[in-house]
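Engineer: Quick check, what structure comes out for this input:
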Amino acid sequence: MKLLYLNKRLFLVLGIIALCFILAYLFPPILFLVKLALVALIFVVLADIILLFRRKEGIKGKRLLPQKLSNGDENPISLFLENRYNFPVHLEVIDEVPFQFQVRDKHYKTQLKSGGTQQIDYNLRPTERGEYSFGHLNAFVTSPIGLVSKRYQLEEKESLVPVYPSFLQMRKYELMAISNRLTEYGVKKIRRIGQSQEFEQIRNYVEGDDYRTVNWKATARKNRLMVNQFQDEKSQRVYSLIDKGRMMRMPFNGMTLFDYAINAALVISNIAIRKDDKAGLVTFSHKIDTIIKADKVGGQMRRIQEALYKQDTGFLESDFEKLYALFRTKLSNRALLLVYTNFESLSSLNRQLPYLRKLARQHVLVVVFFENTELSEYAQQPVKELTEVYDKIIAEKFVFEKKRIVKELQKYGIHAVLTAPEDLTVNTINKYLELKARGFI
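Structural biologist: Modelled structure (predicted):
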């Protein structure tokens, strides 16, 4: 490994001395001074090298990585640096981040006084699951003289870090669910219909509460409106069914639709368990792949997370008939089924609609599919040239086709969620809370 590097300052001084040698041909008396300057430069360079190399570990440092990275989220990375020289130094730090990020700008310049420390923080956003390899952490140290630099490899071994489905989103919504503050993140409050829930407590009336829940005896005692609060029915089965077919390979903002579905399934499974329901998982394409039966025992979320980490899409069209056969024979107990898939046309829906209708007869079925936001934006732009009219008409046709799919599903009693990929998690939680509040599950 090369340790010694020559700096621009040294080349600049050498260039000046070379120019002086040329001038010495015109003015011979300065030749002695120029030679003296060259000798002095050699001694200064040697002194600079001795300053940097006399201490074996003049700079200590390390990269602080989390045990795993969260897919689709900003993950914090920290670099810790310490100067063990007895003089201040200039540092140029280069971190070799995994190739998946295609980033070449993790390059930092800083100064450290003698005995000083510093922490450099930055964020990385992975867009696919798997193992990411961090390379060396390089530091180029320059003394106050600044003619040469010494290279340190502060992280000599490669660091492997797995990227899991978005557990940061899972934790964020988990805290909101525990404290009943999901509305703060855009999850709408659903008004409860009926009184089939279990009584929990008496509380003050707030706007939007069902007047049928008013407790008149408590109202008379407190001299203000009081209502009965009910808990939702518990221990219902909630399955996330993730389509692994070719339509889920479509990219959006660096991630595939499949990864958005995985992140949403992880969040909704965790919230269901926090709401005392049972969460399960099924992944399928042309065949059934992963089956985790709905449960809320300890370790269920870890099993779901590990299963989602290993998933990948295929190139074949998904077989919904096998999905129906699975819930007809092995998982026949009534449950809420959240199917994450994507239909681009009404004809593609019609091929699978018979099996979706059969599933909806036995279970509460919600089909979650994706809006093509780029087409929607293009369809709303004004036409500038005559040739753009045809393109805009085609874009509007595809946008309208998605809305027809929603109507077609609703016609057969199937709940539908058409959502932009970035809003998938919130819209799915909204639907789950709505169905739970309305007593569908």
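
Engineer: Would you mind measuring from residue 248 to residue 339?
Structural biologist: Counting by Cβ to Cβ, to the nearest Å, the gap from residue 248 to residue 339 is 12 Å. The C-beta positions use only the backbone N, C-alpha and C, and glycine is treated the same way.

Engineer: swap in residue 161?
Structural biologist: 32 Å.

Engineer: Compare these two (neighbour count), which wins?
Structural biologist: Taking neighbours as other Cβ atoms under 10 Å, residue 161 and residue 339 compare with residue 339 leading, 26 against 19.

Engineer: gap between the more buried one and residue 420?
Structural biologist: Using Cβ to Cβ, one gets 18 Å for the distance from residue 339 to residue 420.

Engineer: Could you break this protein into its assigned domains?
Structural biologist: Following automatic domain parsing, one finds the domains of the chain at 1-164, 167-188+234-437, 198-231.

Engineer: what pLDDT, on average, does the second one get?
Structural biologist: Okay, so that is domain 167-188+234-437. In this model, domain 167-188+234-437 has a mean pLDDT of 89.

Engineer: Just give me how far it sits from the chain centre.
Structural biologist: 17 Å (Cα atoms, centre = their mean, to the nearest Å).

Engineer: Tell me the span between the first and last residue of it.
Structural biologist: Domain 167-188+234-437 has an end-to-end distance of 26 Å (criterion: Cα to Cα, to the nearest Å).

Engineer: from memory residue 203 sits against residue 227, does it?
Structural biologist: Yes. Contact criterion Cβ atoms under 8 Å: residue 203 and residue 227 qualify, at 6.4 Å.

Engineer: between these two, who's got more neighbours?
Structural biologist: When neighbours are counted by other Cβ under 10 Å, residue 203 and residue 227 differ, and residue 227 comes out ahead with 20 against 14.

Engineer: Dihedrals phi and psi, that one?
Structural biologist: phi -130, psi 150 (degrees, to the nearest 10).

Engineer: And the helices in the stretch 251-400 of the chain, which stretches?
Structural biologist: For the stretch 251-400 of the chain, the helices defined by DSSP state H, counting those that start in this stretch cover 257-274, 300-309, 320-329, 346-362, 373-380, 388-411.

Engineer: For the second one, which residues meet the burial criterion?
Structural biologist: With burial defined by 16 or more other Cβ atoms under 10 Å, the residues of helix 300-309 counted as buried are 300-301, 304-305, 307-309.

Engineer: TSV please, covering those and showing distance to residue 171.
Structural biologist: Formatted as TSV, the buried residues of helix 300-309 follow (distance: Cβ to Cβ, whole Å):
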residue	distance to residue 171
300	16
301	11
304	15
305	12
307	19
308	15
309	16
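
Engineer: for the closest residue to residue 290 other than its chain neighbours, what are its contacts?
Structural biologist: Closest residue to residue 290 apart from its sequence neighbours, by Cβ to Cβ, 6 or more residues apart in numbering: residue 283 at 4.3 Å. Shown in contact with residue 283 (Cβ atoms under 8 Å, 6 or more residues apart in numbering): 241-242, 244, 289-290, 307, 311.

Engineer: Let me know the closest of the residues you listed to residue 93.
Structural biologist: Closest to residue 93 out of those is residue 311 (36.4 Å), distances taken as Cβ to Cβ.

Engineer: Show me what the closest residue to the closest one other than its chain neighbours bridges to in the sheet.
Structural biologist: Computed as Cβ to Cβ, 6+ apart, the closest residue to residue 311 that is not its neighbour in sequence is residue 283, at 5.6 Å. The partner list for residue 283 in beta bridges (DSSP bridges) reads residue 242, residue 290.

Engineer: Report the spatially nearest residue to residue 307, omitting neighbours in sequence.
Structural biologist: Using Cβ to Cβ, 6+ apart, the closest residue to residue 307 is residue 290 (5.0 Å).

Engineer: How many residues are close by that neighbour?
Structural biologist: Residue 290 is flanked by 15 other residues according to other Cβ under 10 Å.

Engineer: how close does the residue sitting nearest the centre point of the chain sit to residue 266?
Structural biologist: The centre of the chain sits closest to residue 72, judged by Cα atoms, centre = their mean, with a distance of 1.7 Å. Distance, residue 72 to residue 266, using Cβ to Cβ: 11 Å.

Engineer: Overlap in contacts, the two.
Structural biologist: 166, 169.

Engineer: all helices for the stretch 51-200 of the chain, in order.
Structural biologist: 167-178.

Engineer: low-confidence ranges in it?
Structural biologist: For the stretch 51-200 of the chain, the stretches with pLDDT under 70 are 175-200.

Engineer: can you tell me which residues contact the nearest residue to residue 432 once chain neighbours are set aside?
Structural biologist: Once flanking residues are discounted, residue 432 sits nearest to residue 268: 5.9 Å by Cβ to Cβ, 6+ apart. Neighbouring residues of residue 268 by Cβ under 8 Å, 6+ apart: 238, 240, 279, 338, 425, 428-429, 432.

Engineer: Make a markdown table from these and add neighbour count, distance to residue 355 and secondary structure to it.
Structural biologist: A markdown table is the format used below for these (neighbours: other Cβ atoms under 10 Å; distance: Cβ to Cβ, whole Å; DSSP: H, G, I helix; E, B strand; the rest coil):
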| residue | neighbour count | distance to residue 355 | secondary structure |
| --- | --- | --- | --- |
| 238 | 26 | 20 | strand |
| 240 | 29 | 18 | strand |
| 279 | 27 | 23 | strand |
| 338 | 27 | 16 | strand |
| 425 | 27 | 26 | helix |
| 428 | 24 | 21 | helix |
| 429 | 23 | 26 | helix |
| 432 | 22 | 22 | helix |
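
Engineer: Identify the bridge partners of residue 4.
Structural biologist: With DSSP bridges as the rule, residue 4 is bridged to residue 150.

Engineer: quick one: it from residue 93, how far?
Structural biologist: Applying Cβ to Cβ to residue 4 and residue 93 gives a distance of 18 Å.

Engineer: Neighbour count: those two, which is higher?
Structural biologist: residue 93 (22 against 11).

Engineer: residue contacts, the more buried one?
Structural biologist: 61, 79, 81, 107-110, 120, 137-140.

Engineer: partner residues bridging it?
Structural biologist: residue 108, residue 139.

Engineer: From residue 9, how far off is it?
Structural biologist: 19 Å.

Engineer: Can you name the residues bridging to residue 89?
Structural biologist: With DSSP bridges applied, residue 89 shows beta-bridge pairing to residue 112.

Engineer: Start the count at 691 instead of 1 going forward.
Structural biologist: OK, 691 is where the count begins now, so the last one is residue 779.

Engineer: Around it, count how many other residues there are.
Structural biologist: 26.

Engineer: That one contacts residue 749, correct?
Structural biologist: Yes. Using Cβ under 8 Å, residue 779 is in contact with residue 749, at 7.4 Å.
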